[in-house]
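**Student:** Build me a model from this:
(chains A and B)
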Amino acid sequence: MLQINNLHVSIDKKEILQGLNLTVHAGEVHAVMGPNGSGKSTLANVLAGRSAYEVMQGEVLFEGRDLLSMPPELRAREGIFLAFQYPVEIPGVSNSYFLKAAVNAIRTHRGLEELDAMDFLALIKEKGNLLDMDQALLNRSVNEGFSGGEKKRNEILQMAMLEPKLAILDETDSGLDIDAMQIVAKGVNALRRKDRAMIVITHYQRLLHFVVPDHVHVLSEGRIVKSGDRELALELEAKGYGWIEQEVAGTPQPPLAATLQ
Amino acid sequence: MTTTPDTIEQLTHQEYRYGFVTDIDADTAPRGLNEDIVRLISGKKHEPAFMLEWRLKAFRHWDMLAKSEAEPKWANVHYPPIDYQDMSYYSAPKPKKQLGSLNEVDPELRVMFDKLGISLREQERLSGVAVDAVVDSVSVATTFKVKLAELGIIFCAFSEAVREHPDLVRRYLGSVVPYTDNFFAALNAAVFSDGSFCYIPKGVRCPMELSTYFRINAAETGQFERTLIIAEEGSYVSYLEGCTAPIRDQNQLHAAVVELIALDNAEIKYSTVQNWYPGDKEGRGGIYNFVTKRGACRGVNSKISWTQVETGSAITWKYPSCILQGDNSVGKFYSVALTNNYQQADTGTKMIHIGKNTKSTIISKGISAGHGQNTYRGLVKVMKSATGARNYSQCDSLLLGDQCGAHTFPYLEVRNALAQVEHEASISKIGEDQLFYCQQRGLAAEDAVSMIVNGFCKDVFRELPMEFAVEAQKLLSVSLEGAIG
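**Tutor:** The predicted model follows:
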């Protein structure tokens, strides 16, 4: 579904991704982990098409097509969804109005009929239940005055409504307490499907207790330096990122204690 | 990668839709302003002597101001000096004869109204809006007059009111905005040629929206219309005003005066969608909109609310205000002002609290794009007598791009210790963040900008009558020429 080859990306002339390779197949959940500044969020934003990032080299194929030449809205309509680390507030625009516009923009692109108000309401009610969403949030302005947990749940609700092929979750667990994280994880798990892939970007392993990945990758200095299965995440939790960086640098040293907290 | 700013620029570079000129035979006065011109205008209108007297006094006052260079300079707008002797002060579509019915309106004019989306008959009947249309300086047709007359409501051209209802005009004209008020008010009083007049008798709730459509058509003329609305005890009226003008290279002056009077328990709701020609992308041409609008809440429990959506004009200088004289009277001001390209707006309100327990609300939303400069200027004045007065002001500015400006000048003068005055202000930029968020959800850039801007203006649009709110939203979308920085 997604193939990233030798991707080099810089922002403000600073090279963040330095030759990243990653292949994701339909139905898979990939976790991308790494210390702060390793390029995790850059990867998410580049895939979604944020304009501040400059691609210096490499290619990204989405279902065999050149993703990087598409404007962000086209990527979204083609099925790429980014759950934002910091969901944006849009004052005066109601959450349900916003979602309806988004759902219909994507449906139109896919050759489906636009949903009318009744169908839309039924759908949002169904998806909202999945996430224990307070219906009142739908009538409030997009993300305005939402708590951290409400914002993240709102992201997952949007994901459920827009039915993407590839969902990228950018540190969706950050700032969530354990209850909120379980609700979010439940929503994410309910959306796992054979024809849908997910990239879960996270600093900590704790989300991965609830959303169990098929593959785990460690990002360091703009490259994937180690890949493995779920065990790798557990190892990281125990040992921190230091040992991997040292292993990569080729200077083996005794593993450091967990430095994550 | 993506080129969002370019896309927005292309998509929002829509031309001014109302820029056509209608070829109508017009009766235009020679350029220049002197007592003879004032007499000529008054004569054309067959006005009674008191009107001519008043105009001449206004002219002499203006002339004195002009000679002492007392044209107001304090506004945050910049333009070359206006040569008041180099324009014409009267232009009227030449009537073939006295109009007996709307069917006799000049067919060219009818075509023009169709282009503007105003059908003077059927459409308006369906939408239940009574329209008075003012082209250049003259009111050409008023609909629904007969039906309104059954309720005792007078809704007609100002010139007609001067002839048919001289006592009312004499009593109220200049009572809220005297000709000595300011330079442009004096100019208007001297040379105004028409406008709308509206009188709602005691206890009557006007059953439909009353609407005036102002259109400047002739070149090198100024438009000076005057509106006077009187709401007697316990009455209610909602009034709409719309304006457009053709595209011209030169700047044209529009200096109008609006006076509202609300007596005991009366309510006036005045809504404006101002879309005068704003000038081109380089800032050539466009209307200078120098307007004095003021309402007097004379009676107890009276209410006046101003709602304005200002998207047009090269320069806007306008402060719809309320004098809250009656105890418990309420004044409201809701404003959206958008400046794009080289447009400049200095707009706001004055709320003068005189009566006890008077309340005022000010919600101002300024949007600047391109090289636009947007200024909010507002005065809240609480007199000693206004015990229990309350004011709430909120001024928000939205910037699109990095070449535009937003300025806020709130003035507060509180002379009563038992008054409550609150002021909140915010300034924000349409962020790349907001835009990207919308695009990531599949929305096209131009739809996203329009959604964000409309969301920003929601508190004001809510106050507009339904059809007007829809028009205002569309207008805002097409007026957003210019890039996001």
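
**Student:** make it CA atoms for all contacts and neighbour counts henceforth
**Tutor:** Fine.

**Student:** in the lowest-mean-pLDDT helix or strand in chain A, what's buried?
**Tutor:** Lowest by mean pLDDT, DSSP states H and E among the helices and strands of chain A is helix A:242-249, with a mean of 73. For helix A:242-249, a neighbour-count test (16 or more other C-alpha atoms under 10 Å in any protein chain shown) marks A:Gly242, A:Trp243, A:Ile244, A:Glu245 as buried.

**Student:** Output those as CSV; include the columns distance to B:Cys198.
**Tutor:** Listed next are these as CSV, based on distance: C-alpha to C-alpha, whole Å:
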residue, distance to B:Cys198
A:Gly242, 80
A:Trp243, 83
A:Ile244, 81
A:Glu245, 80
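
**Student:** Reformat those into a markdown table and put distance to chain B next to each item.
**Tutor:** Compiled in a markdown table, those are given as follows (distance: C-alpha to the nearest C-alpha, whole Å):
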| residue | distance to chain B |
| --- | --- |
| A:Gly242 | 33 |
| A:Trp243 | 36 |
| A:Ile244 | 33 |
| A:Glu245 | 31 |
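
**Student:** What's the nearest residue in chain A when you look at chain B?
**Tutor:** Residue nearest to chain B within chain A: A:Gly92 (3.8 Å; C-alpha to the nearest C-alpha).

**Student:** if I look at the closest residue to that residue other than its chain neighbours, how far off is A:Ala76?
**Tutor:** In this structure, A:Gly92 finds its nearest non-sequential neighbour in B:Gly455, 3.8 Å apart by C-alpha to C-alpha, 6 or more residues apart in numbering or on different chains. Look at B:Gly455 and A:Ala76: by C-alpha to C-alpha, to the nearest Å, they are 22 Å apart.

**Student:** neighbour-wise, which of those two wins?
**Tutor:** Between B:Gly455 and A:Ala76, counted using other C-alpha atoms under 10 Å in any protein chain shown, the more crowded position is A:Ala76 (28 against 19).

**Student:** partners of whichever helix or strand B:Ile261 is part of, with directions?
**Tutor:** Counting by DSSP states H and E, the element that carries B:Ile261 is strand B:257-262. With DSSP bridges as the test, strand B:257-262 is paired with strand B:225-231 (parallel), strand B:286-297 (parallel).

**Student:** For those strands, give me CSV that also has mean pLDDT, mean neighbour count and distance to B:Asn328.
**Tutor:** As requested, those are exported to CSV (pLDDT from 0 to 100; neighbours: other C-alpha atoms under 10 Å in any protein chain shown; distance: least, C-alpha to C-alpha, whole Å):
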stretch, mean pLDDT, mean neighbour count, distance to B:Asn328
strand B:225-231, 94, 25, 17
strand B:286-297, 92, 25, 10
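
**Student:** Output these in CSV; the columns should cover distance to B:Gly152.
**Tutor:** Output for the strands paired with strand B:257-262, formatted as CSV (distance: least, C-alpha to C-alpha, whole Å):
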stretch, distance to B:Gly152
strand B:225-231, 12
strand B:286-297, 22
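
**Student:** follow-up on the earlier one: return the set of buried residues in the strand holding B:Ile261.
**Tutor:** If you call a residue buried by 16+ other C-alpha under 10 Å, then strand B:257-262 has these buried ones: B:Val257, B:Val258, B:Glu259, B:Leu260, B:Ile261, B:Ala262.

**Student:** thinking again about what came up before, which elements pack onto the least confident helix or strand of chain A?
**Tutor:** With contacts defined as 3 or more C-alpha pairs under 8 Å, 6 or more residues apart in numbering or on different chains; DSSP states H and E, helix A:242-249 has these neighbours: strand A:223-228.

**Student:** what angle sits between the strand it packs on and helix A:242-249?
**Tutor:** 110 degrees (axes from the mean of the first three to the mean of the last three C-alpha atoms, to 10 degrees).

**Student:** buried sites along strand A:223-228?
**Tutor:** A:Arg223, A:Ile224, A:Val225, A:Lys226, A:Ser227.

**Student:** mind listing what's buried in stretch B:456-466?
**Tutor:** In stretch B:456-466, counting by 16+ other C-alpha under 10 Å, buried: B:Phe456, B:Cys457, B:Lys458, B:Asp459, B:Val460, B:Phe461, B:Glu463, B:Leu464, B:Pro465.

**Student:** Of the residues you listed, which are in range of chain A?
**Tutor:** With C-alpha under 8 Å from any C-alpha of the partner chain as the criterion, the buried residues of stretch B:456-466 include B:Phe456, B:Cys457, B:Lys458, B:Asp459 near chain A.

**Student:** Among those residues, which lie within helices?
**Tutor:** Mapping those onto helices (DSSP state H) picks out B:Phe456, B:Lys458, B:Asp459.

**Student:** what's the closest non-adjacent residue to the first one?
**Tutor:** Excluding the flanking residues, the one nearest B:Phe456 by C-alpha to C-alpha, 6+ apart is A:Gly92, at 5.6 Å.

**Student:** Next up, the contacts around whichever residue of chain B sits closest to chain A.
**Tutor:** For chain B and chain A, the shortest gap (C-alpha to the nearest C-alpha) falls at B:Gly455, measuring 3.8 Å. Taking C-alpha atoms under 8 Å, 6 or more residues apart in numbering or on different chains as the criterion, B:Gly455 is in contact with A:Ile90, A:Pro91, A:Gly92, A:Val93.

**Student:** export these to TSV and tack on secondary structure, distance to B:Ser426 and neighbour count?
**Tutor:** Shown next, in TSV, are these (DSSP: H, G, I helix; E, B strand; the rest coil; distance: C-alpha to C-alpha, whole Å; neighbours: other C-alpha atoms under 10 Å in any protein chain shown):
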residue	secondary structure	distance to B:Ser426	neighbour count
A:Ile90	strand	15	23
A:Pro91	strand	12	20
A:Gly92	strand	15	19
A:Val93	strand	18	23
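
**Student:** returning to what we had before: quick check: next helix or strand after the strand holding B:Ile261?
**Tutor:** strand B:267-274.

**Student:** Summarise which helices and strands that next one is packed against.
**Tutor:** Using 3+ C-alpha pairs under 8 Å, 6+ apart, strand B:267-274 sits against strand B:236-244, strand B:303-310.

**Student:** could you give me the average pLDDT of it?
**Tutor:** The average pLDDT within strand B:267-274 is 91.

**Student:** Report the angle between it and strand B:286-297.
**Tutor:** 170 degrees.

**Student:** Kindly report the residues of chain A close to chain B.
**Tutor:** A:48-51, A:53-55, A:68-77, A:81-82, A:87-93, A:101-103, A:105-106.

**Student:** taking these one by one, which sit in helices?
**Tutor:** Using DSSP H, A:Ala48, A:Pro72, A:Glu73, A:Leu74, A:Arg75, A:Ala76, A:Arg77, A:Ala101, A:Ala102, A:Val103, A:Ala105, A:Ile106 are the members of these that sit in helices.

**Student:** hang on, the residue of chain A closest to chain B packs against B:Val460?
**Tutor:** No: the criterion here is C-alpha atoms under 8 Å, and A:Gly92 misses it with B:Val460 at 10.7 Å.
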